[in-house]
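S.K.: Sequence below, structure please.
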Amino acid sequence: MVEVDAGLRHALIETVAGLMSPDQAQRKQAEEQVKALEVTDDFGVLLCEMALDNSCNLAGRQLAAVLLKQYIDTHWSQDAEKFRAPETTPVAKNMIRQMLPLGLKESISKVRNNVAFSLSAIAQSDWPEQWPELFDILMQAIRGSDEFAVQGAVRVLKELSRDLTDAHIPTVAPAILPDIYRIFCESERYTVRTRSRAVEIFTTLTSTICTIGEENKSLQKMLLNPFLSTFSEALVSALAVPDSHTSDTGLKTEVVKALTVLIKNVPKQMSQWMPQILPPVWSTLTSSAEKYVREVVNEGGAEDECVDSDGEVLGFETLMFAIFDFVDALVESKRFRPAVKSGLADLMYYIVLYMQITEEQCQKWSDNPDCFVEEEDEDSFAYSVRISAQDLLIALFREFEEESCASLSQTIQRHLTESGQAREAGTEEWWKIHEAVMLALGSSQASIEAQIDEGKVNFDIANFLNNVVLADMNSPVHPFLLGRCLWVASKFPKYQSTETMTAFLEGTVRGLAADQPHPVRISAVRAIWGFCEYLKAAAVSGA
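M.R.: Predicted coordinates:
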């Protein structure tokens, strides 16, 4: 035990107990006592001691570990964003540095995780100048036989790797990559979460090495190339493993992110792996679509979203974001672009599926007009599978304009046929694919019109507007579909006859009425803007 004031130790124990009291007044008093204690020199030392003391009750140890993390965030370094005076004394810092790494071996995950968070926070200010031994301590832990120490050390290294500079990388990367690879590959020994963090470390190091390599090509060859082949093979193999105790959505997400970084930065070396990478990624994209439509789009069941102890979301949506980013990286690479182009028609079909409104969005946007405006704005900062799929669609049109127009035309016909069958079968959500098709079409308006004008694509917009959009507007089954009809009509007025345009304008005016649902009224306002833009351009051109 550290030699500190016994009275202060007793006061801390009573304060922690008070914080856990069911009595509100007692908790309030304990919170005030924490404010008084945290300015004492030994407060951090005593918290560290209590968190690591097996003789203390578990709840008290967990709370002490949380308080320690908060204390380090606010008092460890005056350069910290959340700093409040006084700064921890050099003597207290040294004591905590000596004790805290022992907590990496803690079997209680909540204590161990907070120890790791605290070590990460200290490392941000102290490593390597004030605490050069930390890296050796962590490497010793991940090379040891204690599974808990490995888990804790990997968690710290994940945070530490994000702050590495070109001064650290040449010594850190060669030391850490072999052990990170070993941990990732030993699927029966280490947990899925520990192995996922190992992949995160690899991804972060790879990205940093490649960024530095832009200035120093030899450094990239020296640090990354020795590990590239083995890591690539392991990542490819992990993609094909079915979900089980050794693989899940979270791990696959990190694997796809790692492969995306490699494709962006070392495309030449990754070429040999593409035949093995593409099938499982495509399989995940396509097989997940049915589940997504069934459970998220139609039923509104929250997909099994899981959050790990770092606060990272491990759910299905996160994996979709990673896959869309992966495809976008392929599109950006001259070497891999042909692979996307050859499968464009099928890819477009699934992108539109993922662009459907989910049941949760229907409920949220119906209840909150501001949320609907914000998330459906073309320049929205919001993020969802729907928006991510739309972003990928736009990227495909930007790179393969002519082919994307033809593929979208095929996709629309395919989806309209299937939605018609679903409607006949009594599926209430058939309208969602109509709305998604219109969203895809309107989002690609400039490209589609350019290709039609050049005579490169046979896309009968007028027929679509009359037989699908106008029909849906005249027989509205849902406010969001009606609103989308008005919006997409305003995107393509040049293909409308006078009669058709009159019908759409009348529908838009009706959509502004006070008794209309707000999704319709908001969409009608957007449609008016679209029609006005067309009329203004027509007036300028003398049409």
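
S.K.: dump the residue contacts of the residue nearest the centre of the chain.
M.R.: For the chain, the residue nearest the mean C-alpha position is Thr318 (4.7 Å; Cα atoms, centre = their mean). Thr318 sits next to Thr249, Gly250, Thr253 when contact means Cβ atoms under 8 Å, 6 or more residues apart in numbering. Where C-beta positions appear, they are placed from N, C-alpha and C, glycine not excepted.

S.K.: Which of these fall within helices?
M.R.: Using DSSP state H, the members of these that fall within helices are Thr249, Gly250, Thr253.

S.K.: Of the contacts of Thr318, which is the nearest to Val297?
M.R.: Closest approach to Val297 among these (Cβ to Cβ): Thr249, at 18.0 Å.

S.K.: who touches the residue nearest to that closest one when sequence neighbours are not counted in this structure?
M.R.: If the residues on either side of it in the chain are set aside, Thr249 comes closest to Leu319, at 5.1 Å by Cβ to Cβ, 6 or more residues apart in numbering. With contacts defined as Cβ under 8 Å, 6+ apart, the neighbours of Leu319 are Thr249, Lys252, Thr253, Val256, Thr284, Ser288.

S.K.: what residues does the helix or strand containing the fifth one touch?
M.R.: In other words, Thr284. Applying DSSP states H and E as the criterion places Thr284 in helix 274-291. The contact list for helix 274-291 (Cβ under 8 Å, 6+ apart) reads 236, 239-240, 252, 256, 259, 270, 316, 319-320, 323, 326, 336, 339, 343, 350, 353-354.

S.K.: now the helix or strand just after that helix, how far from the chain's geometric center?
M.R.: Using DSSP H and E, the helix or strand that directly follows helix 274-291 along the chain is helix 316-332. Put simply, helix 316-332 sits 10 Å off its chain's centre (Cα atoms, centre = their mean, to the nearest Å).

S.K.: same thing with stretch 355-363?
M.R.: Per Cα atoms, centre = their mean, the centroid offset for stretch 355-363 relative to its chain is 19 Å.

S.K.: hang on, Ile522 packs against Cys371?
M.R.: No. Using Cβ atoms under 8 Å, Ile522 is not in contact with Cys371; the gap is 11.1 Å.

S.K.: the more surrounded of those two?
M.R.: Taking other Cβ atoms under 10 Å, Ile522 and Cys371 do not tie; Ile522 has more neighbours (22 against 14).

S.K.: buried sites along the helix or strand that one falls within?
M.R.: Element membership of Ile522 [criterion: DSSP H and E] is helix 518-541. Within helix 518-541, the residues scored as buried using 16 or more other Cβ atoms under 10 Å are 518-528, 530-531, 534.

S.K.: Ser187: which of the residues you listed is nearest?
M.R.: Distances from Ser187 to those, taken by Cβ to Cβ, are shortest for Pro519, at 47.2 Å.

S.K.: which residues touch the closest one?
M.R.: Counting by Cβ under 8 Å, 6+ apart, Pro519 touches Trp365, Ser366, Pro369, Phe372, Pro479, Phe480, Leu482, Gly483.

S.K.: Buried ones only from those residues, please, as a ChimeraX command.
M.R.: With 16+ other Cβ under 10 Å as the criterion, this ChimeraX line picks the buried residues out of these:
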select :365,372,479,480,482,483
